[in-house]
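> Generate coordinates for the sequence data below:
(one chain, ligands or ions: 4)
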Amino acid sequence: MEGIDANDKYAKELEVGVRVVQLACYLCQKVQKGSIGPTPDQVFSKDDDSPVTVADWSVQAMISWILSESFGKQNVSIVAEEDTQTLSDSNSTHLLSSVISTVNDSLAMAPRFGLKGPTAPLGPTQVLEAINHCNSTGGPMGKHWVLDPVDGTLGFVRGDQYAVALALIENGQVVVGVLGCPNYSSKKKLVNNSVSKSDLWQEGCVMYARKGSGQAWMQPLVNGGGSLVWPNSASRIRVSSIDDPSMATFCEPVEKANSNHSYSAGIAYSLGLRKKPLRVYSMVKYAAIARGDAEIYMKFAKAGYKEKIWDHAAGVVIVEEAGGVVTDAGGRPLDFSRGVYLEGLDRGIVICSGVNLHDKIIGAVYASWDSSHL
Ligand SMILES: Nc1ncnc2c1ncn2[C@@H]1O[C@H](COP(=O)(O)OS(=O)(=O)O)[C@@H](OP(=O)(O)O)[C@H]1O
Ligand SMILES: [Mg+2]
Ligand SMILES: [Mg+2]
Ligand SMILES: [Mg+2]
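Ligands and ions are numbered 1, 2, ... in the order given. Model (predicted):
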């Protein structure tokens, strides 16, 4: 596969990672289109009131199962977002059946993606086991996969941007990142308000990078239907070369609850950013920086919110290998070695296409900071 050196230490992880994320994108598109699984308006609430859908559980189960098959269950440690609490409820048998059929529908397509599927459809125990197998808490030693089965669930539910994010951490460092963006065309630029429903579904993309390679790659989504041609072609992606703030575009989360919009507007103003913020759901924001559709991504969550590693791991390595810079608001690298959370994160996350813009933003945060902002 292009961008993956067969002799690389992580060649197999990258190869399987890209293929399984392609399959996950296929699964999500099927659920979002309503042709398998329930309609997207069947959204459930977790304890923290955040949404979860059949797609979130199904992708987690499917990826967990494929990783275990590919690398041996006992060798596979996975840190992932979802658990089986809601699914195991005795009132949830209908929901669990939807997840099981969605998982099996997608696994039946595995050979088309160059992956080995099960010999017989998975039953409830196997599906619940696959989801529960993702109960690792990571840490500073060893290899851990990090998975956000659907990032930007709100975007997914609203028929907008969302991502499937898979990364591999070894000894606390993100060494591989794969980001599937089913509604982010590999051809069209992401522009404010340009995501019309008719543009969606046409063609998404999968991005991937191996730490230290100095390269990040993008493939169009493989179309699971019709005649599948695999391996498909990939192209190198690079961050934007714009480093004049007045020309730069900055991204931020859509929801005010997830990032302080007025604080980032203040930073943008002080830097002389002229364009309106590009508000995009999910890690598609990282994808937009990595391929040069935007130059800056700022996220300043409310004080007390702890960022989780699965919301950033894949995006960070892809942006860095595409030439960008990712740190916390104090200018320090994100620390993926301390479990499920990005412990020690200073205020927020600043992602830029280059060091000049990044220095300016960190300087502006330093100059403006007042803890009453968040
Ligand atoms: N209060 C709060 N503050 C900050 N971040 C939060 C918060 N609550 C949730 N989350 C996490 O944000 C993930 C979605 O982030 P986005 O950048 O996509 O935000 S937005 O949907 O565009 O508003 C989202 O990821 P998913 O749950 O995978 O969708 C959450 O992990
Ligand atoms: Mg969630
Ligand atoms: Mg997420
Ligand atoms: Mg998620």
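
> contacts, neighbours, all on C-alpha from now
Will do.

> and the residue nearest to Phe336 when sequence neighbours are not counted, what does it touch?
Spatial nearest neighbour of Phe336, chain neighbours left out: Gly172 (5.4 Å); criterion: CA to CA, 6 or more residues apart in numbering. Neighbouring residues of Gly172 by CA atoms under 8 Å, 6 or more residues apart in numbering: 139-142, 335-338.

> again, 6 Å this time
When contacts are counted by CA atoms under 6 Å, 6 or more residues apart in numbering, Gly172 touches 140, 336-337.

> same thing with Asn135?
Val79.

> Cys251 pairs with what?
Under DSSP bridges, the beta-bridge partners of Cys251 are Leu278, Tyr297.

> Renumber starting at 359 from here on
Okay, residue one is now 359; in that scheme the one you just asked about reads as Cys609.

> three-state assignment of the most centrally placed residue in the chain?
Using CA atoms, centre = their mean, the residue of the chain that lies closest to the mean C-alpha position is Ala523, 3.1 Å off. Of the three states, Ala523 takes strand according to DSSP: H, G, I helix; E, B strand; the rest coil.

> Would you mind naming what in the stretch 509-658 of the chain lies close to ligand 3?
Contact residues (CA under 5 Å from the ion) of the stretch 509-658 of the chain with ligand 3: Asp509.

> Just the closest residue of the stretch 509-658 of the chain to ligand 3, please.
Shortest the stretch 509-658 of the chain-to-ligand 3 distance, computed as CA to the ion: residue-wise this is Asp509, at 3.7 Å.

> got a pLDDT number for Gly712?
Note on Gly712: pLDDT of 97.

> next one: Trp668
As predicted, Trp668 sits at a pLDDT of 98.

> now swap in Ser554 and tell me
Note on Ser554: pLDDT of 51.

> what helix or strand does Val504 sit in?
Assessed by DSSP states H and E, Val504 sits inside strand 501-509.

> So which bits of stretch 443-461 are buried?
444-445, 453-461 (16 or more other CA atoms under 10 Å).

> all strands of the stretch 409-558 of the chain, in order?
409-410, 436-438, 501-509, 521-528, 531-539 (DSSP state E, counting those that start in this stretch).

> So the strand holding Val504, near ligand 4 or not?
Yes: if you take CA under 5 Å from the ion as the test, strand 501-509 does meet ligand 4, through 506, 508-509.

> Save the contacts of Gly530 as JSON lines, and put in neighbour count and distance to Gly570 too.
Below are the contacts of Gly530 laid out as JSON lines (neighbours: other CA atoms under 10 Å; distance: CA to CA, whole Å):
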{"residue": "Pro498", "neighbour count": "16", "distance to Gly570": "19"}
{"residue": "Phe694", "neighbour count": "24", "distance to Gly570": "16"}
{"residue": "Ser695", "neighbour count": "20", "distance to Gly570": "18"}
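
> which bits of the stretch 509-658 of the chain sit near ligand 1?
Within reach of ligand 1 by CA under 6 Å from any ligand atom, the stretch 509-658 of the chain has these residues: 509-512, 611-613, 615-617, 638-640.

> sorry, back to before: pLDDT (mean, whole number) over the strand holding Val504?
For strand 501-509, the mean per-residue pLDDT is 98.

> Give the other helices and strands that that strand contacts.
Applying 3 or more CA pairs under 6 Å, 6 or more residues apart in numbering; DSSP states H and E, one finds that strand 501-509 contacts helix 412-429, strand 436-438, strand 521-528.

> With mean pLDDT and distance to Pro603 as added columns, please give those in CSV.
Below are these laid out as CSV (pLDDT from 0 to 100; distance: least, CA to CA, whole Å):
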stretch, mean pLDDT, distance to Pro603
helix 412-429, 98, 37
strand 436-438, 98, 36
strand 521-528, 98, 28
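
> These into a markdown table, with extra columns for distance to ligand 4?
Formatted as a markdown table, the helices and strands packed on strand 501-509 follow (distance: least, CA to the ion, whole Å):
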| stretch | distance to ligand 4 |
| --- | --- |
| helix 412-429 | 7 |
| strand 436-438 | 9 |
| strand 521-528 | 8 |
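
> Tabulate those (CSV), appending distance to Thr483.
Below are the helices and strands packed on strand 501-509 laid out as CSV (distance: least, CA to CA, whole Å):
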stretch, distance to Thr483
helix 412-429, 11
strand 436-438, 18
strand 521-528, 24
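
> Report the helix or strand with the lowest average pLDDT across this structure.
Lowest on mean pLDDT, DSSP states H and E among the helices and strands of the chain sits strand 402-403, with a mean of 88.

> can you give me how far that one is from the chain middle?
Distance of strand 402-403 from the chain centroid (CA atoms, centre = their mean, to the nearest Å) equals 20 Å.
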